[in-house]
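# Here is my input; please provide its structure:
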Amino acid sequence: MKKSGLFAGLAFVLLVVFCAGQVMAKPVTIQWWHAMRSARGEVCNYMIKQFNESQDKYVVVGTNKGNYDETVNAGVAAIRAKKHPHILQSFEVGTQTMMLSGAIYPVHELMKDAGYNVNWKDYLQPVLSYYMNSDGNLMSMPFNSSTPVMYYNVDLFKKAGIPLLSKSESVTWDDMAEITAKLVKSGVPGGLVTAWQSWTQIENYSAIHNIPFASKANGYEGLDCELTINNDKVVNHIARLKSWMADGRFFYGGQKYQGPKAEFLAQNAGLYIDSISGIAKLKKAVKDFKWDVAPLPVESWMKAPQNSIIGGASNWVLKGHSKEEYEGVAAFLDFLATNRMQGFWHMQTGYFPITLTSYKSLKDVGYFDANPFQEVGIKQMTRREPTKISRGLRLGYFIQIRNIINEELELVWNDSKTPQEALDNAVKRSNIKLREFEKTYK
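Below you'll find the predicted structure:
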């Protein structure tokens, strides 16, 4: 009896110790470095909080590392120091570099290894195609995906006697010549401003009109590609915008979005081309006029315009962590893709809901009936099946290439170069970068 009592007591003590250990075991920490700041950063913090409170095995810690460039640079430095996060957000122009870096755990492998049977066909295909490898496998998880649209000042349109724009049918660039002229004639200082000029006026202009941006199917079919943006159609488009500067129908507000957005908010321009993610900011910023959204303009000769292409960023999973940590990464990525989180993300930021199911859920509850302008970008990007040209761009050192294009365009706007000279030089300078990338990663 004494022996049995001793064993029973010992078993009880071990059970208490085991249970205490279970209770006191720390959850696995998952580090996510991202570029979302201000209101978007707050939305990310909310989504992280919701995940952390939904279970007790993992804790995601989100850290803003600055803008897109700064976040990628911080990630590269951390990888070299072997102190990198589990998840790194990288913008779309860094896709080729990330794919070939050797530091990536492909997301299609991660989700399968962690036991998630993801229905990739349920995702918006123009988004997936940007982040797929040549075998059609997804390398990173889409997160904040956008596309450019055209915002316009409804009050200024009415004052100038201009009919309001359709949310589904694009106006032509010929129409834009008349619209901008009427705006200026009515007293508006400028007709059109554009943010992210390379992305909106060359990359998306080319995709919508199915014009190659680069050879080798825009880089998808080989590192030995070259830029082709000095073609007649793109040169003529830039020349048109330059000619409009003479009477104010177009003016340059800066490379990114701050300047053009400020001009639109000040009602110095009646039309403003920018990302759909600008919707959330305009909702908060505009107090004294009504605005609306329309698809990007197209050339009159383009009877069936192609899909626009994406901007934004995706989440890349980095190598070098434990299986247990990767299970947490997979759980978090799966959580972000749920209908509830995707619906919340879209409503709060304007970025796409990345699955067809989440898109349908928003439609079913009448969200787009109440907010029709938030569906413009989705319809524009999904109006055609992507071609080899319109599926996106897969270029090495694309960050530097976009900067080169922006620099050359500025020389057009300030009368230092003709459109042909600037685009010829952009091609020449960019091809040097492409050859450097090819030599490095071949």
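
# three-state assignment of the closest residue to Gln342 other than its chain neighbours?
Here the nearest residue to Gln342 in space, its sequence neighbours aside, is Ser358; by C-beta to C-beta, 6 or more residues apart in numbering that works out to 3.7 Å. Every C-beta, even on glycine, is put in place using the N, C-alpha and C of the backbone. Of the three states, Ser358 takes helix according to DSSP: H, G, I helix; E, B strand; the rest coil.

# In this structure Ser358 contacts Gly343, no?
Yes. In this structure Ser358 lies within contact range of Gly343 using C-beta atoms under 8 Å: 5.7 Å.

# So these two - more neighbours on which side?
The residue with more neighbours, out of Ser358 and Gly343, is Ser358; 24 against 17, by other C-beta atoms under 10 Å.

# do you know how far that one is from Trp199?
Distance, Ser358 to Trp199, by C-beta to C-beta, to the nearest Å: 25 Å.

# before we move on, what about Asn431?
Asn431 is 20 Å from Trp199, where distance means C-beta to C-beta.

# These two: who's more crowded?
A side-by-side neighbour count of Asn431 and Trp199, using other C-beta under 10 Å, places Trp199 first with 27 against 15.

# which ones are touching the more buried one?
Counting by C-beta atoms under 8 Å, 6 or more residues apart in numbering, Trp199 touches 148, 311, 402.

# Between these, identify the one with the most neighbours.
Pro148 (30 neighbours).

# That residue bridge partners, please.
Here Pro148 sits in beta bridges with Ser275, going by DSSP bridges.

# residues in contact with it?
When contacts are counted by C-beta under 8 Å, 6+ apart, Pro148 is found next to 195-196, 199-200, 204, 273-276, 296, 308, 311, 377.

# which among those residues gets closest to Arg80?
Closest approach to Arg80 among the contacts of Pro148 (C-beta to C-beta): Gly311, at 27.6 Å.

# shouldn't that closest one be in contact with Thr147?
Yes. The pair Gly311 / Thr147 is scored as a contact, 6.6 Å apart, by C-beta under 8 Å.

# Need the overlap of contacts for those two.
Shared between the contact lists of Gly311 and Thr147 (criterion: C-beta under 8 Å, 6+ apart) are residues Ser275.

# what does the model give Asn231 for pLDDT?
The per-residue pLDDT reported for Asn231 equals 98.

# what does Ala11 give?
Predicted confidence (pLDDT) at Ala11: the value is 51.

# Also Met1?
In the prediction, the pLDDT value recorded for Met1 is 44.

# One more: Gln22?
Each residue has a pLDDT score; the one for Gln22 is 48.

# Mind listing what's buried along the helix or strand where Val76 lies?
The secondary structure element spanning Val76 is helix 68-80 (assigned by DSSP states H and E). Neighbour-count burial for helix 68-80, counted by 16 or more other C-beta atoms under 10 Å, picks out 68, 71-72, 74-76, 78-79.

# Neighbouring strands - and their directions - for the helix or strand following it?
For helix 68-80, the succeeding helix or strand toward the C-terminus, using DSSP H and E, is strand 87-91. Each strand that strand 87-91 pairs with, and the sense of that pairing, follows from DSSP bridges: strand 28-34 (parallel), strand 311-317 (antiparallel).

# Return the most buried member of those strands.
strand 311-317 (a mean of 25; mean count of other C-beta atoms under 10 Å).

# average model confidence for that one?
With pLDDT averaged residue by residue, strand 311-317 scores 95.

# which residues sit against that strand?
Residues from elsewhere that reach strand 311-317 (C-beta under 8 Å, 6+ apart): 32, 34-35, 68, 86-92, 95, 98, 104-107, 110, 131, 139-148, 196, 199, 275, 277, 326, 329, 333, 336, 351.

# same thing but 6 Å
Counting contacts by C-beta atoms under 6 Å, 6 or more residues apart in numbering, the residues outside strand 311-317 that touch it are 87-92, 98, 104-105, 107, 110, 131, 140-146, 199, 275, 329.

# same for the following helix or strand past it, what does it pack against?
Scanning the chain past strand 311-317 towards its C-terminal end, the next helix or strand to appear is helix 323-336 (assignment: DSSP H and E). In this structure, helix 323-336 packs against strand 28-34, with contacts taken as 3 or more C-beta pairs under 6 Å, 6 or more residues apart in numbering; DSSP states H and E.

# contacts for the strand it packs on?
Contacts to strand 28-34, defined as C-beta under 6 Å, 6+ apart, come from residues 58-63, 65, 85-89, 324-325, 328-329, 332.

# What subset of these is buried?
Burial by neighbour count, 16+ other C-beta under 10 Å: within the contacts of strand 28-34 this picks out 58-60, 62, 65, 85-89, 325, 328-329, 332.

# give the contact list for the closest residue in space to Glu70 that isn't next to it in sequence.
On the basis of C-beta to C-beta, 6+ apart, the spatially nearest residue to Glu70 that is not a chain neighbour turns out to be Ala35, at 7.4 Å. Under the criterion of C-beta under 6 Å, 6+ apart, the neighbours of Ala35 are 67-68, 71, 89.

# would you turn those residues into JSON lines with pLDDT and distance to Gln420?
As requested, those are exported to JSON lines (pLDDT from 0 to 100; distance: C-beta to C-beta, whole Å):
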{"residue": "Asn67", "pLDDT": "92", "distance to Gln420": "32"}
{"residue": "Tyr68", "pLDDT": "91", "distance to Gln420": "31"}
{"residue": "Thr71", "pLDDT": "95", "distance to Gln420": "36"}
{"residue": "Gln89", "pLDDT": "97", "distance to Gln420": "37"}
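
# so which helix or strand takes in Lys287?
With DSSP H and E as the test, Lys287 turns up in no helix or strand.

# What is the burial count for it?
6.

# Ok, Lys379 next?
Quick note: Lys379 (other C-beta under 10 Å) scores 14 neighbours.

# Which residue is the nearest non-sequential neighbour of it?
In space, not counting the residues next to it along the chain, Lys379 is nearest to Ser168; the distance is 6.1 Å by C-beta to C-beta, 6+ apart.
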